[in-house]
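Enquirer: from the sequence below, what's the structure:
(2 chains)
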Protein chains: 2
Amino acid sequence: MASERTIGRLSLYRRALLRLQVEERRPFVYSHELAGLTAVSAAQVRRDLMSIGYSGSPNRGYDIGELVRSIAEQLDDPSGQGMAVVGVGNLGRAIINYVSRQRPRLAVGAAFDKDPDKAGRVIQGCRVYSLERMPDVVREQRIQVGLISVPAGAAQDAADRLVAAGVSGILNFAPASVHVPAHVFSEDLDLITTLEKVAYFARVGKGSER
Amino acid sequence: MASERTIGRLSLYRRALLRLQVEERRPFVYSHELAGLTAVSAAQVRRDLMSIGYSGSPNRGYDIGELVRSIAEQLDDPSGQGMAVVGVGNLGRAIINYVSRQRPRLAVGAAFDKDPDKAGRVIQGCRVYSLERMPDVVREQRIQVGLISVPAGAAQDAADRLVAAGVSGILNFAPASVHVPAHVFSEDLDLITTLEKVAYFARVGKGSER
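Expert: Numbering: from 1, shown residues only, chains lettered A, B, ... in the order given. Below you'll find the predicted structure:
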């Protein structure tokens, strides 16, 4: 199985490749170009692509269409993966909208909110259910990934409910760490902490410790 | 100067401390509690707090109010730091709104958009300017940090304009890496790449390589 870093880089390569394909209508790319677009070394690009059984031609580079398909075989579930959002405030709505536009294949199939007034509504094309419906909806829609966009104080409860319902991956946007069992893959994407870091180094300057 | 990791952890501690203070009205906290809330070891918590000149009492732990002030002295600019967003689509609006609610001190003071219909409008309490106004507005409002929330194809141009206007920190939400000069601190916060990673490990399970 590939490591977290390799998976992250394959996702970055695909992002760059899709851009070259759609915006520049390019059929081929050299490893050094892909390296420049993704801030990865050319040698690393070649190693990663070799690891998914792919090597470019010295003359033309890599066939972009084939490479996108090879990466998709590695990253994507051919039968699709269900995803759900917990918490449909402003951030939750923006996430549903953004993900659906950027990656139609990863579109969010269901949303959950504790507000009874939101249950039953359709937000950004996505139906909102009460938290109590989560076990049923997760099972029926075969949802594997949960995105948490609730306030800090409700984040752990949202994670507990998702795990109990059978979700095996969590992306947590709430400004609070959540604890999950060892079999669940969980990642925090914390806007405020990252922003405070950028603000700090913008002020004091980049030191030698970077 | 503190390292990137230390700054990130101090920001996490503050987040947890503010929660304890506001939601639980707690006056004191032990290092092991703070460790549990932030997924950091208790020894690391004590080292980090020692590094900002702070040690807790063995009986009562750390004074939360004092600790929040000490971290603020380290992280925050006492005169405030100007921030601006480039790109006020759905994601840009959500970012302006979210940051203002979570950290009023870091509120976004200006926004820029290439759409002439948006210039002059006020979105989420934040005035929108044309891209051409950026050099003046950045200077007048002493903006140090730029947040990029434009489509992939416009990300590098947004970064170039921010750097030319004098910004020294960039938080890039666009799904494309940007290149900045060595004196500028830049960080990508890439939702789609992170989501693809979570989706992958949700599907194949967490391996021993983590």
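Enquirer: only C-alpha atoms for contact and neighbour calcs from this point on.
Expert: Fine.
Enquirer: for stretch A:164-173, what is the average pLDDT?
Expert: Summarised as a single mean, pLDDT over stretch A:164-173 is 96.
Enquirer: any residues touching that stretch, and which ones?
Expert: A:134-136, A:138-139, A:143-150, A:155, A:159, A:178, A:183-191, B:194-195, B:198-199, B:201-203, B:205 (CA atoms under 8 Å, 6 or more residues apart in numbering or on different chains).
Enquirer: quick one: buried ones out of those residues?
Expert: With burial judged by 16 or more other CA atoms under 10 Å in any protein chain shown, the buried subset of the contacts of stretch A:164-173 is A:134-135, A:138, A:143-150, A:155, A:159, A:178, A:184-191, B:194-195, B:198-199, B:201-203, B:205.
Enquirer: just give the number of residues close to the spatially closest residue to residue A:7 that is not a sequence neighbour.
Expert: Sequence neighbours aside, residue B:197 is the residue nearest to residue A:7 in space, at 6.1 Å (criterion: CA to CA, 6 or more residues apart in numbering or on different chains). Counted by other CA atoms under 10 Å in any protein chain shown, the residues lying close to residue B:197 total 25.
Enquirer: before we move on, which element is residue B:197 in?
Expert: Taking DSSP states H and E as the criterion, residue B:197 maps to helix B:191-204.
Enquirer: ok now that helix, how far from the chain's centre?
Expert: 22 Å (CA atoms, centre = their mean, to the nearest Å).
Enquirer: could you check the angle the helix ranked longest in chain A makes with helix B:191-204?
Expert: Secondary structure of chain A read by DSSP state H shows that its longest helix is helix A:4-23. Following axes from the mean of the first three to the mean of the last three CA atoms, to 10 degrees, one obtains 130 degrees for the angle between helix A:4-23 and helix B:191-204.
Enquirer: packing partners for the lowest-mean-pLDDT helix or strand in chain A?
Expert: Lowest by mean pLDDT, DSSP states H and E among the helices and strands of chain A is helix A:90-102, with a mean of 87. Under the contact definition 3 or more CA pairs under 8 Å, 6 or more residues apart in numbering or on different chains; DSSP states H and E, helix A:90-102 sits against strand A:82-86, helix B:90-102.
Enquirer: distance of the residue nearest to the spatial centre of chain A relative to residue B:103?
Expert: Nearest residue to the geometric centre of chain A (CA atoms, centre = their mean): residue A:171, 7.7 Å. Distance of residue A:171 to residue B:103, computed by CA to CA, to the nearest Å: 22 Å.
Enquirer: now residue A:151, what are its backbone angles?
Expert: Backbone torsions for residue A:151, taken as degrees, to the nearest 10, come to phi -60, psi 160.
Enquirer: and it, how many residues sit next to it?
Expert: For residue A:151, using other CA under 10 Å, the count is 15.
Enquirer: which residues of chain A fall in helices?
Expert: Going by DSSP H, chain A shows helices at A:4-23, A:31-38, A:42-51, A:64-75, A:90-102, A:134-140, A:155-165, A:191-204.
Enquirer: of these, flag the one that's most buried.
Expert: helix A:191-204 (a mean of 22; mean count of other CA atoms under 10 Å in any protein chain shown).
Enquirer: what's it packed up against?
Expert: helix B:4-23, strand B:143-148, strand B:169-172, strand B:185-188.
Enquirer: could you redo the last one with a cut-off of 10 Å?
Expert: Applying 3 or more CA pairs under 10 Å, 6 or more residues apart in numbering or on different chains; DSSP states H and E, we find helix A:191-204 packed against helix B:4-23, helix B:64-75, helix B:90-102, strand B:143-148, strand B:169-172, strand B:185-188.
Enquirer: having no further points to raise, I will conclude here.
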